[in-house]
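Student: Predicted model and sequence follow; I will ask about them next.
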Amino acid sequence: MGKLLRINTRKKTFTFEETPKEYSGLGGRALTSKMILDEVPATCHPLGKNNKLIFAPGIMSGSPAADSGRLSAGAKSPLTGGIKESNAGGLVSQKLARLGITGLVLEDKPDTDDYSMIVINKDGVEILPAGDLVKAGNYKVMEKLWAKYGKSVGILSIGQAGEQCLKGASIQQADMNGRPGRAHGRGGLGAVMGSKKIKAIVVDDKGAPRIEIKDPEAFKAANKRWVEMLRNHPVTGQGLPALGTAVLVNVINEAGALPTKNFRTGRFEDVQSISGETMAENIEKRGGITTEACHPGCVIKCSNVYHDKEGKYLTSGFEYETIWAFGAHTTIKELDQIAMLDRLCDDFGLDTIETGVAIGIAMEGGMIPWGDGKAAIALLSKVGEYAPEGKIIGSGARFTGDALGVSRVPVVKNQAFPAYDPRSCKGQGVTYATTPMGADHTAGYGVTANILSVGGSIDPLKKEGNVALSQGLQIATAAIDAAGLCLFVAFAVLDNEDGLPTIAQMLNAQYGLALTPDDIMELGKSILRNEIEFNKRAGFTKADDQLPEFFSEEFLPHKTTWDFTSEDLQKTLDF
């Protein structure tokens, strides 16, 4: 059984403790959400001393299981005011697991403005001054820390947005090249880390033992089948490796679900200029990397490295949601400008979805012109200058809308919508409305059956079947997050009868258990119950589980509108 590492950020002390019985066997989102429910007062201020920031490797992280290197970060969200889990690839999850750390918990809040950094290795923990890193972006932070502690150490850090405690602030993870290309983006958790005056966390597992596998042969056999599933599925084995998540740009546009000009239409007339095909063509011409893993052991490899016209590195982890948020949503059509906006978000430490939607709201409010990429770059640069305009944009879509008097703001629970219009992809819309996380596509990816015909086919334009679709996906996704598995494994799981049983077989072989697929689904339900309970204590009601009114008043190309009642949506939470 692993240990909890608790760090008091005010006293600058740490303790290791045996994982309590109530947290035994939990990992990833299951652990962060349970601990937040148990240990964080639901009505506390998210930036106050009573909030906690918890990092938890998945139950399978550190094992040889393919695509099991995701790390969960959890806290009360400054953006939504409710519970939040945000997970990312990178190097930290597997390293924490190999060091025997079930959860890393940042507690309390310093009385001074002095920043610290945390170094964790097999010999213990150091809490060191980080004054030389203050006001530095994530690129510089990670470059300096890799130079000091060695290439391949795991790093979690915040940029200028986190230091300013902006509601859109992310926590960036170093990718396998030591760049801030992996983000715990959603929910403003970078602001929580900033409030605790922790600039960076270094995790070095050098010399740590391998994860114990109770039945190595059974694990090897199950993992072999697992890899076969992932490599043979058309999405995880072909589409994602070839074009990354940007493979979806043309697909979603064709479906009439690509939100354009702040959700006015579902199709972007300049879609080819920002498509995955164009991105891949640019990468190949300029000497970038089209296919790259986000963490060791990933076989899907949907990440990438994007170069500018001169063939110089510009950004990495250039994803569909980012391209949409800074592209179709704002009507910017120059892919290189969108890539620069992505780079700035990684450097400053900002969620690209929240920030891209906020830039669109700034255009809606007349702050900058629609489609003006240069003006968007100049505006976003204000975050790094600690300027008032940057504080507005960096605080997210709702805050920007309030500052500019804009009523057309696509948020649920104050979190910005991702890249799928709920009127043309209703299963996704149900997830936006009802997940405890705020509008979040990853919480229950209804695009699977609505548009991609994965796990069956459910009409995206009608109500029938979409509540049940979202419910099932939300439950399964919570369990996947707890395991530390990449969300994209769900494509293969949904289309293979032995998908979920194979996950159970790997868990059983690793821990000497006798779990069934039903046990895994029950874990997912328990996670959601904990999150719903926290939000209830925080003051959320069913009125918070609905979309903004303009979605019910306006129609998309398919002549569809949002037509779910509150009673319809509450059935999603009945399990």
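Tutor: Nice, I can see it.
Student: Alpha carbons of the biggest helix by length in the chain, as PDB, please.
Tutor: Determined from DSSP state H, the single longest helix within the chain is helix 517-538. Extracted C-alpha coordinates of helix 517-538, given in PDB (Å, rounded to 0.1, in the frame of the first residue of the first chain):
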ATOM      1  CA  PRO A 517     -16.400  -5.300 -15.000                       C
ATOM      2  CA  ASP A 518     -19.400  -4.500 -12.700                       C
ATOM      3  CA  ASP A 519     -17.000  -3.600  -9.900                       C
ATOM      4  CA  ILE A 520     -15.200  -1.100 -12.200                       C
ATOM      5  CA  MET A 521     -18.500   0.500 -13.200                       C
ATOM      6  CA  GLU A 522     -19.500   0.700  -9.500                       C
ATOM      7  CA  LEU A 523     -16.200   2.600  -8.800                       C
ATOM      8  CA  GLY A 524     -17.200   5.100 -11.500                       C
ATOM      9  CA  LYS A 525     -20.600   5.600  -9.900                       C
ATOM     10  CA  SER A 526     -19.100   6.100  -6.400                       C
ATOM     11  CA  ILE A 527     -16.800   8.800  -7.800                       C
ATOM     12  CA  LEU A 528     -19.700  10.700  -9.400                       C
ATOM     13  CA  ARG A 529     -21.700  10.400  -6.200                       C
ATOM     14  CA  ASN A 530     -18.800  11.900  -4.200                       C
ATOM     15  CA  GLU A 531     -18.600  14.800  -6.700                       C
ATOM     16  CA  ILE A 532     -22.300  15.400  -6.800                       C
ATOM     17  CA  GLU A 533     -22.400  15.500  -3.000                       C
ATOM     18  CA  PHE A 534     -19.600  18.000  -2.800                       C
ATOM     19  CA  ASN A 535     -21.300  20.300  -5.200                       C
ATOM     20  CA  LYS A 536     -24.600  19.900  -3.300                       C
ATOM     21  CA  ARG A 537     -22.800  21.000  -0.100                       C
ATOM     22  CA  ALA A 538     -21.300  23.900  -2.000                       C
END
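Student: by contact count, what packs against it?
Tutor: Applying 3 or more C-beta pairs under 8 Å, 6 or more residues apart in numbering; DSSP states H and E, one finds that helix 517-538 makes contact with helix 28-39, strand 83-88, helix 466-483, helix 499-511. Backbone N, C-alpha and C define where each C-beta goes, glycine included.
Student: next one: that helix to chain centre, how far?
Tutor: Using C-alpha atoms, centre = their mean, to the nearest Å, the mean C-alpha position of helix 517-538 is found 19 Å from that of the whole chain.
Student: do the same with stretch 40-48
Tutor: The chain centre lies 22 Å from the centre of stretch 40-48; the measure is C-alpha atoms, centre = their mean.
Student: What mean pLDDT does it get?
Tutor: Averaged over stretch 40-48, pLDDT sits at 98.
Student: who's in contact with it?
Tutor: Stretch 40-48 has contacts (C-beta atoms under 8 Å, 6 or more residues apart in numbering) with 50-52, 75-78, 81, 109, 165, 188, 191-192, 195, 534-535, 537-539.
Student: Report the buried residues of that stretch.
Tutor: Of the residues in stretch 40-48, those buried under the neighbour-count criterion (16 or more other C-beta atoms under 10 Å) are Val40, Ala42, Pro46, Leu47.
Student: Now for these: which two are most distant?
Tutor: Distances among the buried residues of stretch 40-48 were taken as C-beta to C-beta; the most separated pair is Ala42 and Leu47, at 15.1 Å.
Student: nearest residue to Leu91 other than its sequence neighbours?
Tutor: Leaving out its chain neighbours, the residue that sits closest to Leu91 by C-beta to C-beta, 6 or more residues apart in numbering is Gly154, at 3.7 Å.
Student: So in terms of bridging, what pairs with the one you found?
Tutor: When bridges are called by DSSP bridges, Gly154 pairs up with Val203.
Student: For it, give me its contacts.
Tutor: By C-beta under 8 Å, 6+ apart, the neighbours of Gly154 are Gly90, Leu91, Val92, Lys95, Leu96, Gln173, Ala174, Val202, Val203, Asp204, Asp205.
Student: Would you mark the buried spots in stretch 26-45?
Tutor: Using 16+ other C-beta under 10 Å as the test for burial, stretch 26-45 gives 26-37, 40, 42.
Student: any idea which of these is closest to Ala136?
Tutor: For the buried residues of stretch 26-45, the residue nearest Ala136 by C-beta to C-beta is Thr32; the value is 27.5 Å.
Student: Go ahead and list the helix or strand containing the closest residue to His233 other than its chain neighbours.
Tutor: Spatial nearest neighbour of His233, chain neighbours left out: Ala492 (4.3 Å); criterion: C-beta to C-beta, 6+ apart. In this assignment (DSSP states H and E), Ala492 forms part of helix 489-494.
Student: List the contacts of that helix.
Tutor: Residues contacting helix 489-494 (C-beta under 8 Å, 6+ apart): 67, 229-230, 232-233, 235-236, 300, 445, 448, 452, 454-456, 473, 476-477, 480, 499-500, 503.
Student: Tell me where the stretch 51-200 of the chain is predicted with low confidence.
Tutor: Counting by pLDDT under 70, the stretch 51-200 of the chain shows no low-confidence range.
Student: Can you get me the start-to-end distance on stretch 407-417?
Tutor: Terminal residues of stretch 407-417 are spaced 15 Å apart (C-alpha to C-alpha, to the nearest Å).
Student: Ok, stretch 417-425 next?
Tutor: End-to-end distance for stretch 417-425, by C-alpha to C-alpha: 13 Å.
Student: mind listing the helices for the stretch 301-450 of the chain?
Tutor: Along the stretch 301-450 of the chain, counting by DSSP state H, counting those that start in this stretch, helices occupy 320-326, 335-348, 352-364, 373-384, 388-393, 397-404, 426-434, 447-450.
Student: let me redo that: the stretch 151-300 of the chain
Tutor: For the stretch 151-300 of the chain, applying DSSP H, counting those that start in this stretch gives helices covering 160-163, 189-195, 216-232, 240-243, 248-254, 276-286.
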